[in-house]
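S.K.: Following is a predicted model, sequence given first.
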There are 2 protein chains.
Amino acid sequence: MNHERIAVLAHEKFPDRAKTALGVMRYGDQDVRAVLDRDRAGDRVRDHVPDLADAPIVDSFADAHAAADGDLDALYIGIAPIGGGFDESWRGDVEAAIETGCDVVSGLHYFLNEDAELAALADEHGVDLVDVRKPDDDLTVASDASGDVDADVVCTVGTDCSVGKMTASLEIVAAARERGVDAAFVPTGQTGIMIAGWGNPIDRVVSDFAAGAVEEMLVEVGDDHDLLVVEGQGSIVHPAYSAVTCGILHGSMADGLVLCHAAGREAVHGYESFDLPPLADYVDLYEGLATPVHETSVVAGAVNTKDVTDDATAAETVADFADEVGVPAADPVRDGADRIVDGIVDAGLGGGGDGSGE
Amino acid sequence: MNHERIAVLAHEKFPDRAKTALGVMRYGDQDVRAVLDRDRAGDRVRDHVPDLADAPIVDSFADAHAAADGDLDALYIGIAPIGGGFDESWRGDVEAAIETGCDVVSGLHYFLNEDAELAALADEHGVDLVDVRKPDDDLTVASDASGDVDADVVCTVGTDCSVGKMTASLEIVAAARERGVDAAFVPTGQTGIMIAGWGNPIDRVVSDFAAGAVEEMLVEVGDDHDLLVVEGQGSIVHPAYSAVTCGILHGSMADGLVLCHAAGREAVHGYESFDLPPLADYVDLYEGLATPVHETSVVAGAVNTKDVTDDATAAETVADFADEVGVPAADPVRDGADRIVDGIVDAGLGGGGDGSGE
């Protein structure tokens, strides 16, 4: 999966309800030549999100094709309805993309490859339908190989789902590279996989293979880098998703953990009858659970302050978190991840902090 | 899946390497009319396992059919090669079973329903191929329904895999029923599902749905009983299988936990470079992890002393465990599960210990 010039489908949802589209646009290497949103056709990306690379917002794939002078490799589905289904109103755009020789990349639960019409059309035009949420068939149980990779491994772990673990992971990699550490992102969810162009969607892997699917990725790239940052998922005390979290925690055999939290979050997102435990409990639980498999500790924190409008209050929130947990912390979006990388490097990870990254 | 008279296939492995066969024979309601083991044909079950219901050991399904006077409902595959494949030397027996109108029940990774020849033959003869390891297609994420079931819920949790959690669960149910508690077993693995005739194989469920698949079972039977005993899997610090464990722990929202341990086990089974933590650490981890989702505690212990030959030493081992963990404990096979049920009832679970079970 290696696309240089893409269009991103985000009908009726750009930008606020198009999390996958924004992730790919902000962090992917792909050149986004157009965004499909029939409600905002005629606008530009920067009219809505000033800090993204600009591109036209168009009504259809035909318009995207024209706006890109016919020079597109792929159409990425950048939104997901509740339930992960395929919205039939997108079919014309997907067919048009296939017919012009574009691959189509999707993180939906609904697999494009199992849609007989789309599969036949893709076959006819020699393009790939890439269902990033469909796990490889050859995954298996973890052996004990994660502990043997050359790279140091950091895993982002959360106090809840949707606190910014993917963003923190990507910002940590960027900040580490800035200071010369050869760091790489290890994606575990559909948006991360679209951004990075590879990875295993751990939430769709059978639970017996969850740790093994993380191990398989670390073994694949572990000898090529000095620091791997594994994208965490969910939370270890999430009433529905903790199995995913636990599989990633043990499968990564992380040398250090970055605790991610959304400022102001007091109850589990979508499961509001469950209160979040105190931060110190998370530290104890993550460290206590991980250590029998691989000695580790929380070395830094990432605080998502997007719901805090005032910069001074946001800074105070981050400082309070750092005090409470006893590690360096930052909002990786607001502040950059440099202080988080400080915590990682201070723990001796990523090449020992000599700045060479080798 | 409701079979009254069955034959069990255990070629070349009965009894010591036929864990599934033994589980079904010991705990299932089915009347086992014959065991297929071509290496021991002519022997009787009691020649090898004195405390099981007796039955002839035969060479083939044809012989089983004859021994049972043609009165069989099903053939159960009671063994699994490493990797869970289908041994082609069994095909004749499976075909013969289908041709005489028997269902075939299998816990293999290899799904009989995906074998075109067997599927066609089953279709022709109007029988079911039951792949107990294939999860239902309609499983989804946990909602928060486990906490609402009427029954009290106990979950067996382990210091490792293969310590006897299924056996402990079944013996607890039997001992609880003995004293009038309306208890039921909630199976989560292939042997448990074969024994109980229903259940979700949590290790084969996608990790996002692991907790939800447990919840679905509790909701199905929770209002019909006073005590549900959920079969745990793996261990929360297992390097490969902890995701399964964690999904069951949170999905069950257990009111009490029974900690299961194999006497003398010091390292993770099959992953011997990982030491088992001290028992007290397991108590802290299981309770600490479960409680943010549902308040719980370890209320009893099950110690598997099968590798301890001397009764007095076994009793001492169990007593040491009880002292160390601070709860009633027993070897449910050697001693029966009565002391374990004491711990459950003392914790106010299963109808408050009034003996009525209602």
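M.R.: Received it, and whenever you're ready, just let me know what you need. Everything numeric in this text was worked out from a predicted model, so none of it was measured.

S.K.: for residue A:44, what are its contacts?
M.R.: Neighbouring residues of residue A:44 by Cβ atoms under 8 Å, 6 or more residues apart in numbering or on different chains: A:54, A:55, A:56, A:57. Placement of C-beta: from N, CA and C, glycine included.

S.K.: Now rank these by neighbours and give me the top one.
M.R.: residue A:57 (25 neighbours; other Cβ atoms under 10 Å in any protein chain shown).

S.K.: Rounded mean pLDDT for the strand or helix carrying it, please.
M.R.: Assigned by DSSP states H and E, residue A:57 belongs to strand A:57-58. Across strand A:57-58, the average pLDDT comes to 98.

S.K.: which neighbours does it have in its sheet, and in what orientation?
M.R.: Using DSSP bridges, the strands paired with strand A:57-58 are strand A:31-36 (parallel).

S.K.: List the buried residues of the helix or strand that the strand it pairs with is followed by.
M.R.: Once strand A:31-36 ends, the next helix or strand along the chain (criterion: DSSP H and E) is helix A:45-48. Neighbour-count burial for helix A:45-48, counted by 16 or more other Cβ atoms under 10 Å in any protein chain shown, picks out A:45, A:48.

S.K.: Can I get helix A:45-48 as PDB, trimmed to CA atoms?
M.R.: Extracted as PDB, the C-alpha positions of helix A:45-48 are listed here (Å, rounded to 0.1, in the frame of the first residue of the first chain):
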ATOM      1  CA  VAL A  45      -9.400  22.600   3.000                       C
ATOM      2  CA  ARG A  46      -7.800  25.600   4.600                       C
ATOM      3  CA  ASP A  47     -11.200  27.300   4.900                       C
ATOM      4  CA  HIS A  48     -11.900  24.800   7.500                       C
END
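
S.K.: quick check, whichever strand or helix holds residue A:193 touching chain B?
M.R.: Per DSSP H and E: residue A:193 is located in helix A:190-196. No: applying Cβ under 8 Å from any Cβ of the partner chain, one finds helix A:190-196 separated from chain B by no less than 11.6 Å.

S.K.: before we move on, back to that, residues contacting the strand holding residue A:57, please?
M.R.: Applying Cβ under 8 Å, 6+ apart, the set of residues contacting strand A:57-58 is A:7, A:14, A:34-37, A:40-45, A:47, A:64, A:67.

S.K.: so what does the helix holding residue A:193 touch, helix or strand wise?
M.R.: helix A:19-27, helix A:165-178, strand A:183-186 (3 or more Cβ pairs under 8 Å, 6 or more residues apart in numbering or on different chains; DSSP states H and E).

S.K.: list the contacts for residue A:258?
M.R.: Counting by Cβ under 8 Å, 6+ apart, residue A:258 has contacts A:154-157, A:168, A:172, A:298-302, A:340, A:343-344.

S.K.: of the residues you listed, buried ones?
M.R.: A:154-157, A:168, A:172, A:298-302, A:340, A:343-344.

S.K.: Return the subset of those lying in strands.
M.R.: Among the buried ones among the contacts of residue A:258, the ones falling in strands (DSSP state E) are A:154, A:155, A:156, A:157, A:298, A:299, A:300, A:301, A:302.

S.K.: Columns distance to residue B:96 and pLDDT on top of these, output as JSON lines?
M.R.: JSON lines is the format used below for those (distance: Cβ to Cβ, whole Å; pLDDT from 0 to 100):
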{"residue": "A:154", "distance to residue B:96": "57", "pLDDT": "98"}
{"residue": "A:155", "distance to residue B:96": "52", "pLDDT": "98"}
{"residue": "A:156", "distance to residue B:96": "55", "pLDDT": "98"}
{"residue": "A:157", "distance to residue B:96": "54", "pLDDT": "98"}
{"residue": "A:298", "distance to residue B:96": "60", "pLDDT": "98"}
{"residue": "A:299", "distance to residue B:96": "62", "pLDDT": "98"}
{"residue": "A:300", "distance to residue B:96": "64", "pLDDT": "98"}
{"residue": "A:301", "distance to residue B:96": "64", "pLDDT": "98"}
{"residue": "A:302", "distance to residue B:96": "62", "pLDDT": "98"}
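
S.K.: For whichever residue of the stretch 1-150 of chain A sits closest to chain B, the count of nearby residues, please.
M.R.: Residue nearest to chain B within the stretch 1-150 of chain A (Cβ to the nearest Cβ): residue A:142, separated by 4.0 Å. Residue A:142 is flanked by 27 other residues according to other Cβ under 10 Å.

S.K.: quick one: it and residue B:240 touch, right?
M.R.: Yes: assessed by Cβ atoms under 8 Å, residue A:142 is found in contact with residue B:240 at 4.0 Å.

S.K.: Between these two, which contacts overlap?
M.R.: A:211, A:212, A:250.

S.K.: near chain B too, which of those?
M.R.: Within the shared contacts of residue A:142 and residue B:240, those near chain B by Cβ under 8 Å from any Cβ are A:211, A:212, A:250.

S.K.: and the last one, which of the three is it?
M.R.: This means residue A:250. helix (DSSP: H, G, I helix; E, B strand; the rest coil).

S.K.: repeat for the second one
M.R.: Recorded secondary structure, residue A:212: helix (three-state DSSP).

S.K.: Identify the spatial nearest neighbour of it, chain neighbours not counted.
M.R.: residue A:142 (4.1 Å; Cβ to Cβ, 6 or more residues apart in numbering or on different chains).

S.K.: so where do the strands sit in the stretch 201-350 of chain A?
M.R.: Ranges of strands in the stretch 201-350 of chain A, per DSSP state E, counting those that start in this stretch, are A:227-230, A:256-262, A:267-268, A:271-275, A:298-304, A:329-330.

S.K.: and the residue nearest to residue A:212, what is it in contact with?
M.R.: So residue A:142 contacts A:211, A:212, A:214, A:215, A:250, A:251, B:239, B:240 (Cβ under 8 Å, 6+ apart).

S.K.: and which of those is nearest residue A:284?
M.R.: residue A:250 (16.7 Å; Cβ to Cβ).

S.K.: hang on, that closest one packs against residue B:239?
M.R.: Yes: the pair residue A:250 / residue B:239 is scored as a contact, 5.7 Å apart, by Cβ under 8 Å.

S.K.: Test my guess that residue A:149 contacts residue A:218.
M.R.: Yes: using Cβ under 8 Å, residue A:149 is in contact with residue A:218, at 5.1 Å.

S.K.: In chain A, where is pLDDT below threshold?
M.R.: Where chain A drops to pLDDT under 70, the residues are A:352-358.

S.K.: Would you map out the domains in it?
M.R.: Per automatic domain parsing, the structural domains of chain A span A:5-131, A:146-346.

S.K.: Can you tell me which of the ones you listed is nearest to residue B:227?
M.R.: domain A:146-346 (21.8 Å).

S.K.: still on that earlier bit, so which of residue A:250 and residue B:239 has more stuff around it?
M.R.: Shown here are residue A:250 and residue B:239; by other Cβ under 10 Å, residue A:250 has more neighbours (30 against 26).

S.K.: Residue A:260 versus that one, what's the distance?
M.R.: Distance from residue A:250 to residue A:260, counting by Cβ to Cβ, to the nearest Å: 18 Å.

S.K.: tell me the SS of residue A:163?
M.R.: Relying on three-state DSSP, one would call residue A:163 coil.

S.K.: hang on, the earlier thing: present the domains of chain A as JSON lines; the columns should include distance to residue B:95.
M.R.: As requested, the domains of chain A are exported to JSON lines (distance: least, Cβ to Cβ, whole Å):
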{"stretch": "domain A:5-131", "distance to residue B:95": "31"}
{"stretch": "domain A:146-346", "distance to residue B:95": "29"}
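
S.K.: among those domains, which is the most enclosed?
M.R.: domain A:146-346 (a mean of 23; mean count of other Cβ atoms under 10 Å in any protein chain shown).
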